[in-house]
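Engineer: kindly generate the corresponding structure for this input.
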Amino acid sequence: MDLIINFLVAAIVSGTPLLFGTLGEILTEKAGHLNLGVEGMMAIGAIAGFYTGYKTNSVLLALLMSFAAGMLCALIYAFLTITLKATHNVTGLTLTIFGSGLSSFIAFSMIQNAENGVPVLDRSFTSSLANIHIPFLSDIPVLGKLLFQYNPLVYLGVVIAIVMAVYIKRTRAGLNLTAVGENPGAADAAGINVTLVKYVHVLIGGGICGLGGAYMALTIGNGSWVNNVVNGYGWIAVALVIFASWNPAKAIGGAFVFGAFSVIRYYMPTGVNLPTAFYNMLPFLVTAIVLVISSVRKKKKHVEPAAIGAIYFREER
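Structural biologist: So this is what the prediction gives:
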């Protein structure tokens, strides 16, 4: 029983950055934009959050900077695809290359200037992101460890997912967002400012992706910077959007399922000796399977926003 509980806890911890990336991409795709730059935005968010935490020792500033960095990357994408009408796929791929490269460049400079060549966060900073203990709730057998003993960023991801689900389904602004993603011409004719809706949600989506990168940078490595910390999670997040059917609430479960595949190597029964490369490949293999299965699903609720990837020309509506 302890092994199973520990496995589930590890899956949730490992799946949290995927949750942030997935939520950010859901918001972007709901606006009709397929941004394949999630990996780059997470990478920029990672270095921005770590560098800010390293210099200021403030968790709040680190998270705000990672969010802002993700937004700035998304602004580049938004300007090119919304204002200049550039192709979504190519722009997103370029953003991934740009974000990953810039992150590595800044990290190299940070390492060069760090004592002993290893930038390490202050112990007081890392303790602020340690697992919390909620009186009474954290002490409940089994459920206490499964639900009430995580670091604050895990709960932040779940809260964002719930707020997004309510926002998209239950608010006027969320319904306007859905309308823009389905038919921007009709939304424009109804008086919705399509350009504003697209810009706002693409930028916020990028900021949420940046938080996913910050989560990895600030919680992995015991306070030390880890090169290439995002390590393909951004690409898995793009597939998770389909797995979750563009539903933020479903993204919670989907992220934790994929998180389980990332840590399953450490919880295999004794005697099962599979190559390390197999475990490294497993999350991406499952991602490919999800994409194949999703391509044959015909249910309306599993279909992406109708105008996703389409370039909107107002004069042609």
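
Engineer: secondary structure element holding the residue sitting nearest the centre point of the chain?
Structural biologist: The centroid of the chain falls nearest to G21 when counting by C-alpha atoms, centre = their mean (1.1 Å). Following DSSP states H and E, one finds G21 within helix 2-30.

Engineer: in that helix, what's buried?
Structural biologist: By 16 or more other C-beta atoms under 10 Å, the buried positions in helix 2-30 come out as 7-30. Where C-beta positions appear, they are placed from N, C-alpha and C, glycine not excepted.

Engineer: any weak-confidence spans in the protein?
Structural biologist: Where the chain drops to pLDDT under 70, the residues are 297-302, 316-317.

Engineer: circling back to that earlier point, how distant is the helix holding G21 from the center of its chain?
Structural biologist: 9 Å (C-alpha atoms, centre = their mean, to the nearest Å).

Engineer: and it, what other elements does it pack with?
Structural biologist: Other helices and strands packing on helix 2-30, by 3 or more C-beta pairs under 8 Å, 6 or more residues apart in numbering; DSSP states H and E, are helix 38-56, helix 143-147, helix 152-170, helix 172-182, helix 194-219, helix 233-243, helix 248-263.

Engineer: nearest to I111, out of those?
Structural biologist: Across the helices and strands packed on helix 2-30, I111 has its closest neighbour in helix 38-56 (10.8 Å, C-beta to C-beta).

Engineer: name the helices or strands packed onto that closest one?
Structural biologist: helix 2-30, helix 59-78, helix 88-113, helix 194-219, helix 233-243.

Engineer: and the angle from the shortest one to helix 38-56?
Structural biologist: Interaxial angle, helix 233-243 versus helix 38-56 (axes from the mean of the first three to the mean of the last three C-alpha atoms, to 10 degrees): 130 degrees.

Engineer: what's next to helix 233-243, contact-wise?
Structural biologist: 17-18, 20-22, 24-26, 29, 36-43, 96, 209, 212, 216, 250-251, 254-255, 258, 283-284, 287, 290-291, 294, 304 (C-beta atoms under 8 Å, 6 or more residues apart in numbering).

Engineer: filter the residues you listed to the buried ones?
Structural biologist: Buried among those (16+ other C-beta under 10 Å): 17-18, 20-22, 24-26, 29, 36-43, 96, 209, 212, 216, 250-251, 254-255, 258, 283, 287, 290, 294, 304.

Engineer: for stretch 79-99, buried residues please.
Structural biologist: 80-82, 86, 88, 91-96, 98-99.

Engineer: any chance of the residues you listed in a markdown table, with distance to I311 too?
Structural biologist: What follows is the buried residues of stretch 79-99, written out as a markdown table (distance: C-beta to C-beta, whole Å):
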| residue | distance to I311 |
| --- | --- |
| L80 | 11 |
| T81 | 7 |
| I82 | 9 |
| A86 | 8 |
| H88 | 8 |
| T91 | 11 |
| G92 | 13 |
| L93 | 16 |
| T94 | 16 |
| L95 | 17 |
| T96 | 20 |
| F98 | 21 |
| G99 | 23 |
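
Engineer: I308 is nearest to which of the helices and strands packed on helix 38-56?
Structural biologist: helix 2-30 (5.6 Å).
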